[in-house]
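*Asks:* Next come a sequence and a model predicted from it.
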Amino acid sequence: MDRERQIKNKMITMQHVAKTFVTERKTTRIIDDISLEVKENELVALFGPGQCGKTTLLNVMAGLEKATSGEIIVNGEKVTRPGPDRGFVYQTLALFPWLTVMGNVCFGPRMRGISKKEREERARYYIDLVGLKGFEDSYPVQLSGGMKQRVGIARAYCNEPSVLFMDEPFGHLDAQTRYLMQDELMRIWEKEKRTIVFVTNNIEEAIYLADRVIVLTNCPTQVKKEYIIDLPRPRDYVDPGFLALREDISSVVDKTL
Amino acid sequence: MEQLDYKKSKRKYWLLSAASVIVFVFIWWFSTAVLKLAKPITLPDPVTIIKTFIVKLTHTAPDGGTLVGNTLASVKIALSGYVMAILVGVPLGVLMAWFKPVDRFVRPLFDLLRPVPGIAWIPLMIVIFGIGITSKIVVIFLTAFVPCVVNSYTGIRQTRDVHLWVGQTFGASNLQLLTTVAIPTALPFIMTGIRVALGSSWCAIVAAELLASSEGLGFMIQQARGINRPDIIICGMLAIGAIGALMTFLLGIVEKHVVKGVMHK
Ligand SMILES: Nc1ncnc2c1ncn2[C@@H]1O[C@H](COP(=O)(O)OP(=O)(O)OP(=O)(O)O)[C@@H](O)[C@H]1O
Ligand SMILES: [Mg+2]
């Protein structure tokens, strides 16, 4: 099993990545020497306490922020700036409110100059995939939180990136919708496998979704410990194996400062 | 059912609004026509006003223009200056907000001009351009220009980081970010600026005509004051109010079509 994993393609390689923010007043080290690897089509959850630098880490991986030191390679290419091969799903407020569902999902292909006919055709496939058929012409204000996140996922997928970064995408949803969206993400991911790096501050969400959970320390953040989750899917929140892992991970994670 | 309730309450409020106008006109009529609290030469009654209004629609006495002609003259000048102000002001505000060097270059001059009320330009403009059309168009332009710039600038600055990140992760260039993310974000603010500018333009044109003009609603009012015709003054004021309200209404319709994805109340 482990051998087989190693043979699979590496999608992301981070080596000794550090990030320090310099402002007029002070310099703050947010990421302190992180090295990690993510394999193709793997779903990795980054789990850490609040304000530990999870978003910063994703931004660095996506190329939105420059690493102070170290190197990030995604799909064989060194990351120096953001690019269409790395998609992003944010919390609910990231949709463009002035565009319809179709307009939002088409946005990536539109930036790359793909013809209207072709991009709408592709968008329709992903809108259908996330279960929003019939809502193509709705504006985000008209959608519920869960539906907005579906649009966010479709929008990222539609650009056909090799890696998807998700920054607490279900963080703003109520508990019920959150469970539903976790199942939906699993369904979508089973159908359209992609490499996903998923940030969460919810331990159950991490175990429920991920192939591997990487636990981060408080700021300046480092990798504290890694857990391979080989529970069969669909997973069960009250399965003894699940609970044991939950117990185990809770005991190592830092408390929020 | 709810729809019905909604319609009912809407009608109720409409009646309430109508009632305020009716009560106002009635008190006016009662105190002038019946109680004769004011001399007709000081404050005429509403019926006289309506008569004058109808007569003035087609008659040129005493100022040399009909009500329609004067209104058109005012609207024409106001709109010319106003449209130019939008064409220059909105792009300037957008560029200032997006490109730092433009901001640095334009800002000192802009900050100096901004606190000067539009109508304070009138004397200088009369000295430079005389009392013709040009001086008034320039005054309107300067008046409308400021809110266009300020609101566009503020609007672009509202652009959310996360939207820019999304744009960047999709490979948008800086110019694409401006046109596909920042300008759509700014659009409601730009429209607000355009609406505010419309109101100021309309005020400024009347003020300019009161001071120096040979036609227009302000000129008509000024002439009527010279010969003690309060009925014509009030007709002029009614026309000013009606045209102002009409233009704001039309702009509201445009706004609804341009600004997408917000709840229209
Ligand atoms: N551009 C920046 N300049 C300076 N400091 C920053 C910058 N971006 C983030 N920080 C700081 O880095 C720290 C970590 O922020 P980050 O958003 O990465 O944490 P997080 O783990 O995602 O937090 P949360 O749990 O709230 O999502 C914060 O204290 C923040 O103030
Ligand atoms: Mg965060």
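*Replies:* Cool, got the structure. Residues are numbered from 1 along each chain as shown, chains lettered A, B, ... in the order given. Ligands and ions are numbered 1, 2, ... in the order given.
*Asks:* got the contact list for the residue in the stretch 1-150 of chain B that chain A sits nearest to?
*Replies:* Evaluated by C-beta to the nearest C-beta, the stretch 1-150 of chain B has residue B:94 as its residue closest to chain A, separated by 15.6 Å. C-betas here are computed from N, CA, C, even on glycine. Taking C-beta atoms under 8 Å, 6 or more residues apart in numbering or on different chains, we find residue B:94 in contact with B:152, B:153, B:156, B:178, B:182, B:183, B:186, B:190.
*Asks:* nearest to ligand 1, of the residues you listed?
*Replies:* Set against ligand 1, the nearest of the contacts of residue B:94 by C-beta to the nearest ligand atom is residue B:182 (19.4 Å).
*Asks:* Leaving out sequence neighbours, find the closest residue to that closest one.
*Replies:* Among residues not flanking residue B:182 along the chain, residue B:159 sits closest, at 4.5 Å (C-beta to C-beta, 6 or more residues apart in numbering or on different chains).
*Asks:* That neighbour is in contact with residue B:180, isn't it?
*Replies:* No: assessed by C-beta atoms under 8 Å, residue B:159 is found out of contact with residue B:180, at 11.0 Å.
*Asks:* buried set for the helix or strand harbouring residue B:142?
*Replies:* Using DSSP states H and E, residue B:142 maps to helix B:133-157. For helix B:133-157, a neighbour-count test (16 or more other C-beta atoms under 10 Å in any protein chain shown) marks B:133, B:135-156 as buried.
*Asks:* and what of stretch A:38-47?
*Replies:* So, applying 16+ other C-beta under 10 Å, buried residues of stretch A:38-47: A:38, A:39, A:42, A:43, A:44, A:45, A:46, A:47.
*Asks:* Farthest pair within those?
*Replies:* A:39 and A:47 (18.3 Å; C-beta to C-beta).
*Asks:* Most proximal residue of the stretch 151-257 of chain A with respect to chain B?
*Replies:* residue A:159 (6.0 Å).
*Asks:* Residues of chain A that sit close to chain B?
*Replies:* Counting by C-beta under 8 Å from any C-beta of the partner chain, the residues of chain A lying close to chain B are A:59, A:62, A:64, A:81-84, A:86-88, A:90-91, A:93-94, A:96-100, A:107-108, A:110-112, A:139-141, A:155, A:159.
*Asks:* which helix in chain A runs the most residues?
*Replies:* helix A:175-191 (DSSP state H).
*Asks:* quick one, helices of chain B?
*Replies:* Using DSSP H, helices in chain B cover B:2-29, B:46-58, B:67-98, B:100-113, B:122-129, B:133-157, B:161-169, B:174-177, B:183-211, B:217-226, B:230-258.
*Asks:* Mind checking these for the one nearest to ligand 1?
*Replies:* Nearest to ligand 1, of the helices of chain B and by C-beta to the nearest ligand atom, is helix B:161-169 at 9.4 Å.
*Asks:* how far does that closest one sit from the chain's center?
*Replies:* 36 Å (C-alpha atoms, centre = their mean, to the nearest Å).
*Asks:* isn't residue A:83 right up against residue B:170?
*Replies:* No: applying C-beta under 8 Å, one finds residue A:83 not in contact with residue B:170, separated by 9.1 Å.
*Asks:* who has more neighbours, those two?
*Replies:* More crowded of residue A:83 and residue B:170, by other C-beta atoms under 10 Å in any protein chain shown: residue B:170, with 27 against 19.
*Asks:* Excluding chain neighbours, what is closest to the more buried one?
*Replies:* Nearest non-adjacent residue to residue B:170 (C-beta to C-beta, 6+ apart): residue A:108, at 4.2 Å.
*Asks:* angle of the helix or strand encompassing the one you found against helix B:183-211?
*Replies:* If you go by DSSP H and E, residue A:108 is part of helix A:101-111. Helix A:101-111 runs at 100 degrees relative to helix B:183-211, counting by axes from the mean of the first three to the mean of the last three C-alpha atoms, to 10 degrees.
*Asks:* tell me the mean pLDDT for the helix or strand that helix A:101-111 is followed by?
*Replies:* Sequence order places helix A:116-129 as the next helix or strand after helix A:101-111, per DSSP H and E. In this model, helix A:116-129 has a mean pLDDT of 96.
*Asks:* Likewise for stretch B:130-147?
*Replies:* Mean predicted lDDT for stretch B:130-147 stands at 92.
*Asks:* Kindly report the same for stretch A:169-182.
*Replies:* 93.
*Asks:* That stretch: which residues count as buried?
*Replies:* Residues of stretch A:169-182 classed as buried: A:169, A:170, A:171, A:173, A:177, A:178, A:179, A:181, A:182 (neighbour count, 16+ other C-beta under 10 Å).
*Asks:* Tell me the bridge partners for residue A:221.
*Replies:* Counting by DSSP bridges, residue A:221 is bridged to residue A:31.
*Asks:* That one contacts residue A:31, doesn't it?
*Replies:* Yes: between residue A:221 and residue A:31 there is a contact at 5.7 Å, judged by C-beta under 8 Å.
*Asks:* Common neighbours of these two, please.
*Replies:* In contact with both residue A:221 and residue A:31: A:53, A:57, using C-beta under 8 Å, 6+ apart.
*Asks:* Which strand or helix spans the residue nearest the centre of chain A?
*Replies:* By C-alpha atoms, centre = their mean, the mean C-alpha position of chain A lies nearest to residue A:166, the distance being 2.2 Å. Residue A:166 belongs to strand A:163-167 when assigned by DSSP H and E.
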